[in-house]
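Asks: just a sequence and a predicted model for now, questions to come.
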There are 4 protein chains.
Amino acid sequence: MSNVKLAIMYYSSTGSNYKLAKWAEEGAKTTGADVKVLRVPETAPKEAVESNPAWKAHLEETKDVPEATLDDLEWADAIIFSTPTRFGNVPAQMKQFFDTAGGLWMEGKLVNKVVSAMTSAQNAHGGQEQTLLSLYTSMFHWGALVATPGYTDESIFAGGGNPYGTSVTVDQDGKMQEDVEAAVKHQAKRTVQVAEWVKNGQQ
Amino acid sequence: MSNVKLAIMYYSSTGSNYKLAKWAEEGAKTTGADVKVLRVPETAPKEAVESNPAWKAHLEETKDVPEATLDDLEWADAIIFSTPTRFGNVPAQMKQFFDTAGGLWMEGKLVNKVVSAMTSAQNAHGGQEQTLLSLYTSMFHWGALVATPGYTDESIFAGGGNPYGTSVTVDQDGKMQEDVEAAVKHQAKRTVQVAEWVKNGQQ
Amino acid sequence: MSNVKLAIMYYSSTGSNYKLAKWAEEGAKTTGADVKVLRVPETAPKEAVESNPAWKAHLEETKDVPEATLDDLEWADAIIFSTPTRFGNVPAQMKQFFDTAGGLWMEGKLVNKVVSAMTSAQNAHGGQEQTLLSLYTSMFHWGALVATPGYTDESIFAGGGNPYGTSVTVDQDGKMQEDVEAAVKHQAKRTVQVAEWVKNGQQ
Amino acid sequence: MSNVKLAIMYYSSTGSNYKLAKWAEEGAKTTGADVKVLRVPETAPKEAVESNPAWKAHLEETKDVPEATLDDLEWADAIIFSTPTRFGNVPAQMKQFFDTAGGLWMEGKLVNKVVSAMTSAQNAHGGQEQTLLSLYTSMFHWGALVATPGYTDESIFAGGGNPYGTSVTVDQDGKMQEDVEAAVKHQAKRTVQVAEWVKNGQQ
């Protein structure tokens, strides 16, 4: 029974990364970890959201998901980020959330968090690798321990074999092109497991 | 006499990247290029800005600098971005500006822009390389032609020899630690020159 | 009729990148460019090659392809590199070739080459993006102008929409999983076109 | 008293990374870890080495340092790599060593190694960040746990504040420009500490 506190922090405009986050939650809960699914705050202007029916609908649907806060960052032993790719990097919304953590960073409160990440893109090679690696670069600034899936499970290959984190191609209608559910669940369990080693090892 | 239209788009909270942008303007103007210095919109909440006197003062000082727009992106033959590093990546403000260009991107209107970038950080190795490289990754999505300084001028070495773009270390009082003025001016001239080749070559 | 001198420099152990290089040659030749296909020298110990029949056979088959030399680097206006990914980076053979160019680099003879690259991997997300981006990082040191495909042609989407360069997934039997021939030819033509602009613009 | 087995694997042509490796050894030994300093095999042609007196001399001086082997990779709980930068990436010698680990990788024997890295370059921004990050990309393929220094100790700032790993600027006479000894020792202790958590946590 894991004693790990896991925050799954996602940003999603039309739902793909919310789905990844929920699968991760399912996977992580089988370990007994204390899991929170948290929505990274939307920062886009209201007009932008309103102009895209799928975006507006998803925001409405998830309005009861708690927003990710700095307290959650501090609380967590492990964090799984899930984020779309935008031009080969995390979207501004996710970056904005990271940027607000300057105070915690200065106090050293982000150190030794065990981190992994997931992503989605419209094209198979549309920045899926690079978005994850950019995110990890920020995590190195935080002093996090980065625990990617590598090729630690057969399920990873079905999702396209991304060793940096589960990634999925989503077409213009929002349909996932690969079956990554098992890969997501494996990643969640692995992240919790590494965090458990680190936590128990420290005691 | 260059016929190149150059947009120098900077984000600056306390002034370092504004200074880099102004030096770039000076350098570029010696080529006869048509140069605009443009401020990437601030997206931080008012409270955040107000809580930091240096940030508030700089925003006030530069309130007459025109804000960068999508029209400016379309107008430009060449773009020099100047941006601080935040956790080894561009700040949310800069990313937000990129993210709004999805429409232009879809219409193919960002293709073949000649691009280079500059950055600043508090530590010498605090993400200065990685911020520039992340920015270029986004530029590859746009179909830009990335023309970094490399080691094309002696001045580059004085600034720490960053081949990806001029970068400067800025201490907590906002004082630049290296003399990068000549490197910035060289970079500006080189960016215009490459853009001129591309523009004239196309005619 | 293009006046560009294009070097297509590939490393291939079992033939995929040789095939990409040959397609690029075909594409580039339609522009009238002066094209050389050049094999980056094998540096693996003889035993390693002998132990893999496909590797040995391909090396034998291509023994008449001229080896890439420093003179070819100097000669070229434009270079297309084609290389497999090994653990998310270029293989040692390709890196060894780059590393030998220190002398040319010091003399400034690598400046302003127009460069793009292609790659292959066994998994769809097995380092295809990152291998290209690492290669471009080295090119920035050389002062090259990096001209990736972006999304400048419909054919790019069929190959998985990699804006950093054409990439292909190759199964364990050496079979390409996506049809990238048109994307490769487009990339070759685009690389020549940009190099032509730069070359003519300089005159 | 740490029960961790640490391999410090370095490549050095003229001695800087050997020095970093020896400092790391000193730091790590204070934890009681079982430490091996291992030389990544030289693969450059004899003529290249002979043509550079400093290179030849260093190779001669360190001829009794054991060469890093695949068995050492398998043996280690934790690995610290130390490598110069060459054009913003690891040199061919280091990449060649990684590339030979394909067999171990396939058997899953590289999983959960705790890894960090150090580097040197002639210019302050001459690829010091990017070399470390490229190396970590390969480590993600291996399923390693990447534990960089972040900003976990005051000593890191003296060395230029590189959160990805200790890096040092070395002038043309081989003189280190920053005092990184304390940062190296801290990094070594931190790498051992994280590996100890992981190892003990697993038991």
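Replies: That came through fine.
Asks: rest of the way, CA atoms for contacts and neighbours
Replies: Fine.
Asks: tell me the contacts of the residue nearest the centre of chain A?
Replies: Note on chain A: the residue nearest the mean C-alpha position is A:Phe81, at 1.7 Å, using Cα atoms, centre = their mean. A:Phe81 makes contact with A:Ile8, A:Met9, A:Tyr10, A:Val115, A:Ser116, A:Ala117, A:Met118, according to Cα atoms under 8 Å, 6 or more residues apart in numbering or on different chains.
Asks: what residues does the worst-scoring helix or strand of chain A on mean pLDDT touch?
Replies: Ranked by mean pLDDT, DSSP states H and E, the weakest helix or strand in chain A is helix A:46-50, scoring a mean of 91. Contacting residues not belonging to helix A:46-50 are listed as A:Trp55, A:Lys56 [Cα under 8 Å, 6+ apart].
Asks: excluding chain neighbours, what is closest to A:Ser167?
Replies: A:Thr119 (4.7 Å; Cα to Cα, 6 or more residues apart in numbering or on different chains).
Asks: are we agreed that that neighbour is in a strand?
Replies: Yes. Looking at A:Thr119 with DSSP: H, G, I helix; E, B strand; the rest coil, it is inside a strand.
Asks: is it correct that it is in contact with A:Asn17?
Replies: Yes. Counting by Cα atoms under 8 Å, A:Thr119 does reach A:Asn17; the two are 7.0 Å apart.
Asks: hmm, whichever helix or strand A:Gln187 is part of touching chain D?
Replies: Secondary structure from DSSP states H and E places A:Gln187 in helix A:181-202. Yes. Judged by Cα under 8 Å from any Cα of the partner chain, helix A:181-202 comes into contact with chain D at A:Val194, A:Glu196, A:Trp197, A:Val198, A:Lys199, A:Asn200, A:Gly201, A:Gln202.
Asks: mind listing residues that contact that helix?
Replies: The contact list for helix A:181-202, computed with Cα under 8 Å, 6+ apart, reads A:2-4, A:6, A:20, A:23-28, A:30-31, A:33, A:77-78, A:80, A:113-116, A:147-149, A:153, A:155-156, A:158-159, A:165-166, D:194, D:196-202.
Asks: again, but for stretch A:53-67
Replies: A:Ser13, A:Thr14, A:Gly15, A:Val37, A:Leu38, A:Arg39, A:Val40, A:Pro41, A:Val49, A:Glu50.
Asks: now those: which count as buried?
Replies: Listed as buried from the contacts of stretch A:53-67 are A:Ser13, A:Thr14, A:Gly15, A:Val37, A:Leu38, A:Arg39, A:Val40, A:Pro41, A:Val49; burial here means 16 or more other Cα atoms under 10 Å in any protein chain shown.
Asks: for the third one, give me its contacts.
Replies: Under the criterion of Cα under 8 Å, 6+ apart, the contact list for A:Gly15 reads A:His58, A:Gly174.
Asks: please redo it, this time with the cut-off set to 10 Å
Replies: Contact partners of A:Gly15, counting by Cα atoms under 10 Å, 6 or more residues apart in numbering or on different chains, are A:Ala21, A:Ala54, A:Trp55, A:Ala57, A:His58, A:Leu59, A:Glu61, A:Thr62, A:Pro84, A:Gly174.
Asks: and those residues, which are buried?
Replies: Buried members of these, scored by 16+ other Cα under 10 Å, are A:Ala21, A:Ala54, A:Trp55, A:Ala57, A:His58, A:Leu59, A:Pro84.
Asks: now tabulate the residues you listed in CSV and tack on secondary structure and distance to B:Ala101.
Replies: Below are the buried ones among the contacts of A:Gly15 laid out as CSV (DSSP: H, G, I helix; E, B strand; the rest coil; distance: Cα to Cα, whole Å):
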residue, secondary structure, distance to B:Ala101
A:Ala21, helix, 27
A:Ala54, helix, 19
A:Trp55, helix, 17
A:Ala57, helix, 23
A:His58, helix, 22
A:Leu59, helix, 22
A:Pro84, strand, 16
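Asks: what is the distance between the helix holding A:Gln187 and the centre of its chain?
Replies: Relative to its chain's centre, helix A:181-202 lies at 14 Å (Cα atoms, centre = their mean, to the nearest Å).
Asks: so which bits of it are buried?
Replies: By 16+ other Cα under 10 Å, the buried positions in helix A:181-202 come out as A:181-201.
Asks: what angle do that helix and helix D:181-202 make?
Replies: Put simply, helix A:181-202 runs at 110 degrees to helix D:181-202, going by axes from the mean of the first three to the mean of the last three Cα atoms, to 10 degrees.
Asks: for helix A:181-202, output the C-alpha coordinates as CSV.
Replies: In CSV, the C-alpha atoms belonging to helix A:181-202 read as follows (Å, rounded to 0.1, in the frame of the first residue of the first chain):
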residue,chain,number,x,y,z
GLU,A,181,-4.5,3.6,-22.0
ALA,A,182,-2.3,0.8,-20.8
ALA,A,183,0.9,2.9,-21.3
VAL,A,184,-0.6,5.7,-19.3
LYS,A,185,-1.5,3.4,-16.4
HIS,A,186,1.9,1.8,-16.5
GLN,A,187,3.5,5.3,-16.4
ALA,A,188,1.4,6.3,-13.4
LYS,A,189,2.3,3.2,-11.5
ARG,A,190,6.0,3.6,-12.3
THR,A,191,6.0,7.2,-11.2
VAL,A,192,4.4,6.2,-7.9
GLN,A,193,6.8,3.4,-7.4
VAL,A,194,9.9,5.5,-7.9
ALA,A,195,8.4,8.1,-5.6
GLU,A,196,7.8,5.4,-3.0
TRP,A,197,11.4,4.3,-3.2
VAL,A,198,12.6,7.9,-2.7
LYS,A,199,10.2,8.5,0.1
ASN,A,200,10.9,5.3,2.0
GLY,A,201,14.6,5.5,1.3
GLN,A,202,14.6,8.9,3.0
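Asks: okay, helices next: where are they in chain A?
Replies: Under the criterion DSSP state H, helices of chain A are mapped to A:16-29, A:46-50, A:53-61, A:70-75, A:92-99, A:102-106, A:128-142, A:155-158, A:181-202.
Asks: closest one to C:Lys95 among these?
Replies: Evaluated over these, closeness to C:Lys95 peaks at helix A:128-142, with 20.8 Å, by Cα to Cα.
Asks: avg pLDDT for that closest one?
Replies: Per-residue pLDDT over helix A:128-142 has a mean of 98.
Asks: hmm, that helix touching chain C?
Replies: Yes. Judged by Cα under 10 Å from any Cα of the partner chain, helix A:128-142 comes into contact with chain C at A:Gln128, A:Glu129, A:Gln130, A:Leu133.
Asks: can I assume A:Thr83 is in contact with A:Gly127?
Replies: No. Taking contacts as Cα atoms under 10 Å, A:Thr83 lies outside contact range of A:Gly127: 11.7 Å.
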